[in-house]
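Visitor: requesting a structural model of the entry that follows:
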Amino acid sequence: MKPTLIIQGNFDQASQLIRQLLVADLPLECVVMSNVTDDAPRYQALMVASALAPQMTLRVGTAVDYGKADWLIVLDRAAQETAPAAEVAELRLFMNRIVENGFKGQLVFCGDHDELLTYFAWKFSGLNRSQIWGLGTFPLARLLTFRLGERLGVGVTAVQAAVVGTAAKPIVAWSRTYVGPAPILMYLANEDAKFNAEDLGKMASWLEREAGEDQQMLRSMALIRLLEADLTNQPLIASVTNIHDEEPAYAAATPVLVNASGVKRLTNLALSEDEQQEFAEQGQLLRENIATIAGQQTEGRA
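Guide: Purely as a prediction, here's the structure:
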């Protein structure tokens with residue numbers, strides 16, 4: 001029996017992800033949940049096209065499908081950007097609905113503000129924190145990996161780029177970025193390397209600019225990579241958004257093991273002194289945002 005993947009989000013994002021999944025043709029039962037009733041007929045052309053993807057099935061779902069889901073992928077649910085406090089208010093009702101319908105799978109946030117939504121979904125649902133995560137900085141880490149491979153003239157598999165924090169404000173952890181067996185900082189010491197510390201700074205600035213652009217395509221590609229790894233029983237260590245249970249708790253992207261059961265922290269994050277300070281400052285800001293939103297809860301509609 002094929003695992004079940006539910007996609008929930010606005011039509012534009014959901015249809016784009018479905019198109020990419022059809023091309024990847026993963027062995028999945030893909031169920032799309034319409035945000036509004038009028039959206040359901042709009043998926044008909046994609047369901048027809050799914051006949052050309054032998055391994056993947058596609059249909060529009062109902063509430064009972066939540067109890068069957070192995071993964072529930074939550075994209076941006078509004079057509080335009082919604083204030084985080086309003087998103088969280090809607091999230092509370094959404095979490096009530098899926099829990100009432102027996103959801104026990106992995107809840108994966110693949111849109112904006114995934115660090116806030118991951119945290120509040122955990123608080124609202126009572127689900128294990130290993131079941132709830134977001135794509136975080138993993139799409140940007142993949143982008144940086146490919147750019148470094150191109151810049152250094154090495155294969156992509158030889159590069160391990162580390163990016164932590166949030167998708168909107170990524171922190172490049174050069175101290176944990178490797179080229180082959182060597183840290184990239186040691187690689188810079190090689191006289192033959194046509195790459196220096198100034199280049200690292202420029203690349204970090206470039207990634208910050210890319211983080212300010214639309215990441216939808218990067219997120220879809222990163223999600224499919226993680227699904228492929230799970231389906232082939234080859235779990236990845238990836239910098240995805242996960243719950244940090246220090247007091248007070250918050251969610252941010254750090255390297256964890258992503259497998260068919262969810263996310264699992266393997267070791268404590270070890271960064272350079274400057275990187276650690278920047279990460280700690282970002283964590284404090286995230287805690288403050290959580291406290292502000294928790295105090296502004298309003299009624300929402302799921």
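Visitor: low pLDDT regions in the stretch 151-300 of the chain?
Guide: 189-193, 298-300 (pLDDT under 70).
Visitor: please enumerate the strands of it.
Guide: Remark: strands assigned in the stretch 151-300 of the chain by DSSP state E, counting those that start in this stretch are 159-160, 163-165, 170-172, 178-179, 182-183, 236-244, 250-259, 262-264.
Visitor: need those strands in a markdown table with mean neighbour count and distance to Arg209, can you?
Guide: C-beta here means a position set from N, CA and C on the backbone, and glycine is covered the same way. Output for these, formatted as a markdown table (neighbours: other Cβ atoms under 10 Å; distance: least, Cβ to Cβ, whole Å):
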| stretch | mean neighbour count | distance to Arg209 |
| --- | --- | --- |
| strand 159-160 | 19 | 20 |
| strand 163-165 | 26 | 14 |
| strand 170-172 | 25 | 11 |
| strand 178-179 | 19 | 23 |
| strand 182-183 | 14 | 25 |
| strand 236-244 | 23 | 19 |
| strand 250-259 | 24 | 18 |
| strand 262-264 | 19 | 28 |
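Visitor: which one, of the ones you listed, ends up nearest to Ser15?
Guide: strand 236-244 (23.9 Å; Cβ to Cβ).
Visitor: so which of the strands of the stretch 151-300 of the chain gets nearest Arg92?
Guide: Taking these one by one with Cβ to Cβ, strand 250-259 is closest: 16.2 Å.
Visitor: run through the residues that contact Leu5.
Guide: Neighbouring residues of Leu5 by Cβ atoms under 8 Å, 6 or more residues apart in numbering: Leu21, Leu28, Glu29, Cys30, Val31, Ala69, Asp70, Trp71, Ile73, Leu227.
Visitor: would you mind giving the secondary structure of it?
Guide: Three-state assignment for Leu5 (DSSP: H, G, I helix; E, B strand; the rest coil): strand.
Visitor: ok, back up a step: ok, which of the strands of the stretch 151-300 of the chain comes nearest Asp12?
Guide: Between Asp12 and those, the tightest spacing by Cβ to Cβ is seen for strand 236-244, at 22.6 Å.
Visitor: check which helices and strands the closest one sits against.
Guide: Helices and strands touching strand 236-244, by 3 or more Cβ pairs under 8 Å, 6 or more residues apart in numbering; DSSP states H and E, are helix 114-125, strand 132-134, helix 138-152, helix 216-231, strand 250-259.
Visitor: which other residues reach it?
Guide: 109, 114-115, 118-119, 122, 129, 132-138, 141, 162-164, 166, 225-226, 229, 249-258, 263, 265-266, 283.
Visitor: related to what we said a few turns ago, ok, the contacts of Leu5 vs Gly212, which is closest?
Guide: For the contacts of Leu5, the minimum distance to Gly212 (Cβ to Cβ) is 23.5 Å, reached by Ile73.
Visitor: relative to Ala40, how far out is the closest one?
Guide: 18 Å (Cβ to Cβ, to the nearest Å).
Visitor: understood, closing this out.
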